[in-house]
Every structure is written in structure tokens, then in C-alpha cells.
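> Here is a sequence with its predicted model. Questions after.
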Number of protein chains: 2
Amino acid sequence: MVSSDQGGEHTGGEIPAVVGGLRMTKQRRAVYQILLDDRDHPTATDVFRRVEKTMPSTSLATVYNCLEALVEHGLVNQVNFDREPSRFCSNLKEHVHFHDESTGVIHDISFKKGAKLEDLLSLPKGTTVKDLELTLRGVLPKKK
Amino acid sequence: MVSSDQGGEHTGGEIPAVVGGLRMTKQRRAVYQILLDDRDHPTATDVFRRVEKTMPSTSLATVYNCLEALVEHGLVNQVNFDREPSRFCSNLKEHVHFHDESTGVIHDISFKKGAKLEDLLSLPKGTTVKDLELTLRGVLPKKK
DNA sequence: AGCCCTAATTAGAACTATTCTAAATTGGGA
DNA sequence: TCCCAATTTAGAATAGTTCTAATTAGGGCT
């Protein structure tokens, strides 16, 4: 079966020729694969350094192009922490980010099921929320 | 009474000589006053253009310096929307930002009283949240 | 398979927001 | 008033990202 993926994200195995409407070039596939494999929220430069290892001819501009294409097609999320370089992640489940100050690690935190934003915030009724970005900063308990 | 403000923010009238531990220079006072008066979340450049009107000798670097000092002393909040220039606001009540796509206006939204973040998110117990930033994007209902 | 044509890639320049540097100025305290 | 540290200033420098223009690649025809 030569799959060609009818829209939506890619979930496992080899990345097909088209994912979520985006044609997978060599470079896009490499970038996407890195984000699928490495869940450490790399920056564009991080991704570039990793792509370089297997495809040394790749340029940073291409990495930016690929990331932009992946984001536009909803395969990848772009995450911004204040003025720091953008980070990218392929976790498409709705989640927020917890930046652990003691380790520097960024953790994905999911919403409790059934939890609604309107329970927390005084939004005028009739408000449409298209998108939200929530970032926490603090420290996680030491694991023992 | 020559007030000298024992820590904490400034709330109304003339800005005293020291606010929240920060000595008010001419430039800092001008910047702070703009943020107290104009609640439209201006960028550093916006603030610069407004300061210029009454103090044409002011430099952009100074505006950045003043904003940094105000932020460090907790008199002003720095707000970041993805890759856009930082915005500044003097609303110190804990609140989140709603970016109205149809008007471009940024609204402050406050938390419902009693609402707790832990009700919404699956945080490992023992987690310390030092800071959070929540931005919504969408459209508010047209006022009629 | 070969040709065509658009899309993608590339290197480097350009851009934007911000920070840094070093010199000039200010202003409070002795 | 004088001194000294803090502040301001202009401009250079930086970092991340986007743009430009030329090259390359690859899918869809014949």
C-alpha cells in the first residue's frame, strides 16, 4: 500500500510523500523527522545542526522554510517564550508549556479533561477563542 | 507631605521621586506616565514616539533602559506575543491578554475569582509556578 | 525516457528588535 | 560648589529571522 495520507498529521513509521496536504521533500522530511523524534523543543538553529549531520548541504534558510511550511500545514507547532528564539514541537495535542528554571527543560503539560478556559477567565459571552498560548515558568518537584 | 513611596506600585496623581525602590528620573517618569495613561500596550518604539513629543532629546536606548528598569522593579509588565515586538503595560493585576484579530486591540482579561490554574492543568504535585503568561487570539463579540 | 515548468532550495544580503559600548551629562550628597 | 556614581545618549553591534535572486529538483506530461 503506497499510502498518500488524506490530510491530518502523521503518526508513526515512514513519513509518506504528502502529509496534511504538504508534499514532503527530502529536506522537509528530514526536518519533520527530527521534530517527531526529538521532543526537546529545538530552535531552528538546533534543527539545522541536526539536519546538517545527515544532509550537510542543507541551508539554514531551508530549515526556516521547512519549519514554516510544517507550521502552516499544522504538522508542527511554533512555540515562543518571551524574547527567546522560537521553538518547534510536533506534539499536536492541545497542551501548554512549563519551563523548568532549574533544568532549563521545557515540559508539555496537558489540560485536565473537561477543563474549560471559560471556567478560569471572565470572557465576554460571544467571544471566539481561535488560539491560545500558555507558558508557565517555575520549578518541578525533584524526582526521587 | 513630600511622599517617598515605600515600595509597591504607584496608583494615581503625580509620580513621586521614588517608586517601588526605583528613583524617578525625568525620562523614567515620562515613560512610566505614558504607560499609566495609555493602556493600549505600546511597544518600545510606540513609547519612544510618545515620549519624543514632550522630550525630543530622549533616545530610543533610554526608552529601552527605562522600560527595563520599570520592569525589573515590578512597576510595569513586559508582554510578548509570539515574534512581535514586546509590549508594555502598567496593569499589575494578574491578567491575561486577548488579542482581537478583527480590531488588533489587545484586551486585558482577568481571572475569575477563586479560579485556580491547577483546576485546569495536570501539574505534578509539588510544582512551583513562579510566573505564567497566557495569550488568547480570537474575536470579541461586536458591541451593539 | 526526455522536456517543461513550477516549486523548493540555496547563499548571502537585508531587516528588525534589542542590547552593548563608550563618551557626555545629570543630579544628589558631602 | 564639587565630586562621583548613575543615567542618558548616539551609534555600533548582535541575534534571530526574512527576503532576494539565482540555481536545482522533481512531478506530470508526451
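Looks like it came in fine. Residues are numbered from 1 along each chain as shown, chains lettered A, B, ... in the order given.

> distance of the residue nearest the centre of chain A from chain B?
Nearest to the mean C-alpha position of chain A, by C-alpha atoms, centre = their mean, lies A:Cys89 at 2.0 Å. Noted for A:Cys89: a distance of 14 Å to chain B, by C-beta to the nearest C-beta, to the nearest Å. Heads up, the C-betas are built off the backbone N, CA and C, glycines and all.

> shouldn't that residue be in contact with A:Asn80?
No: with contact defined as C-beta atoms under 8 Å, A:Cys89 does not reach A:Asn80; the gap is 11.8 Å.

> Could you give the number of residues near A:Ala69?
Neighbour count of A:Ala69, defined by other C-beta atoms under 10 Å in any protein chain shown: 19.

> sorry, that was for A:Pro141
Other residues within reach of A:Pro141, judged by other C-beta under 10 Å, total 11.

> Quick check: it touching B:Leu123?
No: A:Pro141 is not in contact with B:Leu123 according to C-beta under 8 Å; the separation is 9.7 Å.

> Flag every buried residue along the longest strand anywhere in chain A.
If each strand of chain A is counted by residues according to DSSP state E, the longest one is strand A:128-139. Under the neighbour-count criterion of 16 or more other C-beta atoms under 10 Å in any protein chain shown, strand A:128-139 has A:Leu132, A:Glu133, A:Leu134, A:Thr135, A:Leu136, A:Arg137, A:Gly138, A:Val139 buried.

> next one: stretch A:90-105
Neighbour counts using 16+ other C-beta under 10 Å place A:Ser90, A:Asn91, A:His95, A:Val96, A:His97, A:Phe98, A:His99, A:Asp100 of stretch A:90-105 among the buried residues.

> Model confidence for A:Asp5, exactly?
In this prediction, A:Asp5 carries a pLDDT score of 45.

> do A:His97 as well
pLDDT, the model's per-residue confidence, is 96 for A:His97.

> Who does it form a beta bridge with?
Using DSSP bridges, the bridge partners assigned to A:His97 are A:Asp108, A:Thr135.

> That one and A:Ser110 touch, don't they?
No: with contact defined as C-beta under 8 Å, A:His97 and A:Ser110 do not form a contacting pair (11.0 Å).
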